[in-house]
Each structure stands twice: as C-alpha cells, then as structure tokens.
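Here's a sequence, model it:
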Amino acid sequence: MNASRRPVRIIAGFIFAVATAFPLQAQQTPVDTVPIDTHLNWTLGVSQFRTVNVSKQNMYLASSFPLQLREKILHYRTHRLDGEELVSLKTLIVNTELKKEIDKLLALQKTRDESLFAETKEFQKRKINEDYITSSELIRKRISFLRDLDVRTVVVGNEKPIVFKDQNGQLFPAPPFSALQYCDEIGVDALLWGSVEEIQGYLYCELYLFDRIMEKNVFTFKEAGKPQELFESLDKSVPALITAIVGREWADLLVDVEPTFSYIKINGAFAGMGTVEIPDLPPGEITLDIESPGYKSLREKTRVANLELKSLKYHLEKSEEKFIVVNTLPPSANVYFNSLWMGTTPLVAEMPAILTRLEIRLEGFQNVYERIGPAAAATLNIALVKTVIDYDALKSSKRWRYYTSLAAFILSVPFPAFSYGLMRDFYDANKLGEFEFFSASYMFTFFITGALFVNMFYELFRYLNSRDQTVG
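Predicted coordinates for the structure are as follows:
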C-alpha cells in the first residue's frame with residue numbers, strides 16, 4: 001500500500017465508522033408525551049403611550065401616565081389564571097409544541113433533500129434516507145397526537161408569580177404595531193399600553209391591558225379632560241386595573257403601630273415593623289398579631305373586603321412585665337417553652353418566672369435548645385443552620401461527572417494511537433517533515449489522554465466516596 005495514502009484512508013475510515021455508529025438524527029420527544037408549561041412566571045411589560053397631535057408642553061404625559069400606573073401595581077406579586085385564560089394558555093402550549101414539531105419535520109426534509117444533490121456515495125444517500133424515514137414517521141405521529149389532544153389534559157398551575165419586565169430600567173417604547181406582535185417581540189405575557197391625543201386644548205386618553213395568552217384587551221379605560229383631571233381619573237381606575245392584573249379579588253391593608261419597633265404578623269406570618277403595607281390580600285377574615293418588648297401584646301381579627309384599601313392604627317399599652325425577644329435567621333421558626341408552642345419568630349413573649357427550656361424548630365434546619373429564665377438576656381438572636389442535604393442528588397451529580405470523564409477518556413484513546421501509526425508510516429517512508437509533525441501530535445494527544453485518564457480516576461474516587469455518605 002502506498003504509504004502517503006494510507007493515513008488518509010485510516011482517518012476517513014475512522015470518521016465514517018463513528019458517523020455510522022452514531023447517526024445524526026433529530027432528538028425526538030416520545031409520541032404520546034403531553035406538552036408541559038415551561039413558563040414559570042407571568043410577565044408584564046409597561047410601555048410609553050402613543051401620542052397624536054400632542055403639543056410639546058404635554059409630551060411628558062406619554063411617560064408620566066404609565067409611570068404613575070406602574071408605581072401603583074409594582075407591589076402585586078401573583079397572577080391567577082382561571083376560566084378562559086387557563087384554557088387559552090393550555091391551547092397556546094399545545095400549538096407551540098405543534099409548531100416546533102412541524103418546523104423540525106421541515107428541517108429534516110431540507111437536510112434530506114440537500115443530501116440527495118450532494119457529492120456523496122450511493123450507500124451514504126441510502127443511509128441518510130433511511131434515517132429520514134424513521135425520524136419523520138415519529139414526528140408525523142407526534143403531530144397527529146398533538147392535533148387530536150384534548151387541551152384539558154395539559155397541566156398548568158392556577159397561579160404564577162408576576163414579573164415586571166422593562167427595557168434597561170426604562171419603559172418600553174410605544175408599540176409601533178399591534179399589541180399582539182409587540183408582546184411577542186419583547187417577550188411578555190401582558191402589555192399595559194395606551195395613547196394620548198390632543199383635540200382643541202383637551203386631551204383624550206386611552207389605556208389598555210392586553211393579554212397575550214387570550215389575544216385580547218382585558219382592561220380598557222377611556223377619558224378626556226385636562227392633564228390633572230386625567231391623572232385623577234387614571235388613579236380611580238387603578239383598582240379595576242389591579243383586578244385585571246392579579247386575575248382575582250384582592251384587598252390592601254395598612255397597619256400603623258406605636259411604638260415603631262413593634263413586630264407585626266398577618267395570619268401568623270411576619271409582615272414587618274412599625275408601619276407596614278400588605279398588598280394583595282385575599283378578601284375575608286385575617287388575624288393580626290402585634291408584639292413589642294415592654295408593651296402588652298395585641299391580637300385582633302378583622303375583615304377586608306374586595307377592592308378595599310383598609311387602614312388600621314394601634315397604640316400599644318406599656319407593661320410592667322419582663323419580656324424576651326426571640327429573633328431567628330431565617331424568620332418564621334416555631335418557638336416552644338417547655339414543649340408549649342408560643343408562636344413564630346420574631347417573637348416577643350413574657351419572660352418565664354422559672355428556668356424554662358426554649359426550643360426553636362424550622363423545617364430543613366437544626367433544632368436549637370436554650371435555657372431561659374428571669375436572669376436571661378432580653379434579646380435572643382439565633383442564626384439557624386441547615387441540616388437537610390439531598391444525598392441522592394449529590395450522588396447523581398458525582399455519578400454523572402464520572403461517566404462524563406470516562407466517556408472523554410475513551411473518546412480520546414484513538415487519537416494518540418492514530419498519531420503514533422501515522423508517525424511510524426512517515427518514518428518508514430523517510431518523510432522527515434511529516435514525521436516530526438505527527439511525532440509532536442502523538443506526544444500532545446498522549447498527554448491529553450493521560451490527563452483525562454487521571455481525571456477519570458479522580459471522579460471515580462469522588463463518586464465512590466459520595467456513595468458512603470449518609471445524613472449525619
């Protein structure tokens with residue numbers, strides 16, 4: 001065999017063997033897999049208003065109106081999907097998956113057609129065509145399954161966190177085309193937008209909340225007047241706008257307490273100190289707990305109605321009793337005095353008259369035990385330590401790293417072998433230039449393979465060590 005052609009044939013044979021052993025086929029989702037919702041959040045964008053015949057002195061309104069509205073709605077954190085919107089979202093998920101499969105089929109057809117006109121051998125064309133037939137059949141079955149799928153089988157959560165999206169901290173520009181297209185372009189689920197038109201000294205304002213999922217406006221406001229009148233009218237429209245954004249009934253509560261270092265809890269959850277505004281409460285009865293060192297604790301039940309902006313003010317009475325303050329990081333840990341539940345942190349409680357066992361519990365953290373009594377410090381600050389370790393996830397991660405390092409080592413082995421063979425061939429053919437090149441290649445690839453070999457054993461050791469670990 002001609003020594004100059006032998007290396008080329010060896011390399012070509014190796015490449016073809018790898019290509020036939022691992023055919024490049026499109027990754028295919030199982031035919032009967034129901035699509036899932038991959039969007040964790042409900043994203044809301046706010047844009048500047050369009051202006052029509054607006055004088056220079058009123059141009060500021062294009063930004064002032066939406067900024068005023070954005071400040072009013074920023075505190076609301078969850079959006080409920082219900083009824084029509086829930087069905088629309090499920091339909092959108094199925095249609096998105098269907099489009100992805102159709103695009104995949106078209107790309108596969110294009111690749112097949114291009115290979116037929118490429119300068120490849122007949123057996124290679126047959127292999128490509130066979131792969132196309134196998135993959136396209138699965139994709140077509142998947143498309144048929146999605147077209148017949150009842151969208152009600154798609155699992156979607158009823159609530160999503162609201163995420164406010166902007167353009168580098170600024171309002172989005174006014175939509176240059178339809179709200180539907182603009183939502184797709186900037187990547188939001190809803191868009192708050194509007195327009196301002198000046199007519200004979202008066203301003204006509206329109207405001208819309210466009211829902212991308214339902215492909216329609218879910219809130220509309222139209223009013224005419226002077227700038228100050230429009231600001232007031234927009235302010236009055238905010239409750240209805242918030243209802244459209246959160247998708248359900250809501251209420252706001254403002255609690256103002258003296259002294260200002262009082263701990264305020266709503267339904268057992270710590271809300272803040274002194275003066276606290278709690279937006280987006282579900283209407284109904286709530287339990288309010290207020291505690292402060294040196295003052296009598298207060299517990300009160302109150303009701304908030306739909307769309308109500310309720311304000312409460314309290315003055316705590318001083319107490320002669322000695323108190324203890326228990327703070328933890330993170331908060332909301334359960335506190336027990338001699339196994340009697342006292343509440344959640346931050347907690348203000350009466351100092352026990354005798355030596356008492358204090359226990360702090362929070363799921364996922366180590367329990368803390370202290371002894372308190374009349375001589376104990378007035379404030380107890382405790383940083384809780386996590387105890388829960390997901391050892392299954394840890395072992396899975398180490399196993400994956402070991403398998404990856406093993407695969408890298410195995411794939412690297414042929415390269416020094418081929419380099420060594422080529423080096424010997426050129427040495428026998430007395431071609432010193434090529435011999436020196438492949439000698440260097442052999443040394444380099446041998447070093448890489450050796451390093452991967454060492455790394456493989458290192459990852460194996462870490463994996464075996466993780467299997468021996470248990471929860472302490």
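
what's the domain layout of this structure?
According to automatic domain parsing, the chain is divided into the following domains: 21-247, 251-315, 323-383, 391-467.

how about those in CSV, adding mean pLDDT?
Written out in CSV, the entries for the domains of the chain read as follows (pLDDT from 0 to 100):
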stretch, mean pLDDT
domain 21-247, 88
domain 251-315, 90
domain 323-383, 90
domain 391-467, 85
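
Just send the ones you listed back as TSV, with mean neighbour count too.
Every residue, glycine included, has its C-beta placed from N, CA and C. Putting the domains of the chain into TSV (neighbours: other Cβ atoms under 10 Å) gives the following:
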stretch	mean neighbour count
domain 21-247	15
domain 251-315	16
domain 323-383	15
domain 391-467	15
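
Show me the helices in the protein, by range?
With DSSP state H, the ranges of helices along the chain come out as 6-21, 61-73, 84-116, 122-148, 179-186, 227-246, 391-412, 414-428, 432-467.

Those: which one's closest to residue 196?
Distances from residue 196 to each of the helices of the chain were compared using Cβ to Cβ; the minimum, 5.3 Å, belongs to helix 61-73.

Could you name the helices and strands sitting against the closest one?
Contact partners of helix 61-73 among helices and strands, from 3 or more Cβ pairs under 8 Å, 6 or more residues apart in numbering; DSSP states H and E: strand 42-46, strand 50-52, strand 190-199, strand 202-211, helix 227-246.

Any idea which of the ones you listed gets closest to residue 85?
strand 202-211 (6.7 Å).

would you list the helices and strands packed on helix 61-73 in a markdown table and tack on distance to residue 102?
Written out in a markdown table, the entries for those read as follows (distance: least, Cβ to Cβ, whole Å):
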| stretch | distance to residue 102 |
| --- | --- |
| strand 42-46 | 26 |
| strand 50-52 | 36 |
| strand 190-199 | 27 |
| strand 202-211 | 26 |
| helix 227-246 | 34 |
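
For residue 455, which of the ones you listed is the nearest?
Closest approach to residue 455 among these is made by strand 42-46 (41.8 Å; Cβ to Cβ).

Which neighbours in the sheet does that closest one have, and how are they oriented?
According to DSSP bridges, strand 42-46 forms sheet pairs with strand 159-165 (parallel), strand 190-199 (parallel).

And the helices of the chain: which comes nearest residue 211?
helix 84-116 (6.7 Å).

so who does residue 246 touch?
Residue 246 is in contact with 76, 78, 79, 80, 162, 280, counting by Cβ atoms under 8 Å, 6 or more residues apart in numbering.

out of the helices and strands packed on helix 61-73, nearest to residue 114?
Using Cβ to Cβ as the criterion, the shortest distance between residue 114 and these is 38.3 Å, found for strand 42-46.

Can you add distance to residue 98 and give the strands paired with strand 42-46 back as TSV?
Conversion of the strands paired with strand 42-46 to TSV gives the following (distance: least, Cβ to Cβ, whole Å):
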stretch	distance to residue 98
strand 159-165	23
strand 190-199	23
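
tell me the contacts of the residue nearest the centre of the chain?
In the chain, the C-alpha nearest the mean C-alpha coordinate belongs to residue 40, at 5.4 Å (Cα atoms, centre = their mean). Contact partners of residue 40, counting by Cβ under 8 Å, 6+ apart, are 160, 161.

Any chance of the backbone angles for it?
Dihedral angles of residue 40 (phi, psi; degrees, to the nearest 10) stand at phi -80, psi -20.

Now do it against residue 144, distance only.
Summarising the geometry, the distance separating residue 40 from residue 144, computed by Cβ to Cβ, to the nearest Å, is 30 Å.

wouldn't residue 187 be in contact with residue 165 here?
Yes - taking contacts as Cβ atoms under 8 Å, residue 187 lies within contact range of residue 165: 7.3 Å.

Now stretch 122-140 - C-alpha only, CSV.
Written as CSV, here are the backbone C-alpha positions of stretch 122-140 (Å, rounded to 0.1, in the frame of the first residue of the first chain):
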residue,chain,number,x,y,z
GLU,A,122,-24.9,5.8,-3.0
PHE,A,123,-24.8,3.8,0.2
GLN,A,124,-24.4,7.1,2.2
LYS,A,125,-27.5,8.5,0.5
ARG,A,126,-29.4,5.4,1.3
LYS,A,127,-28.4,5.6,5.0
ILE,A,128,-29.5,9.3,5.2
ASN,A,129,-32.8,8.4,3.5
GLU,A,130,-33.4,5.6,6.0
ASP,A,131,-32.7,7.9,8.9
TYR,A,132,-35.1,10.4,7.4
ILE,A,133,-37.9,7.8,7.0
THR,A,134,-37.5,6.6,10.6
SER,A,135,-37.4,10.1,12.2
SER,A,136,-40.1,11.7,10.0
GLU,A,137,-42.5,8.9,10.8
LEU,A,138,-42.1,9.5,14.5
ILE,A,139,-42.5,13.3,14.0
ARG,A,140,-45.7,12.8,12.0
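
re earlier: find residues that contact each of residue 187 and residue 165.
Listed contacts common to residue 187 and residue 165 are residue 43; contacts here mean Cβ under 8 Å, 6+ apart.
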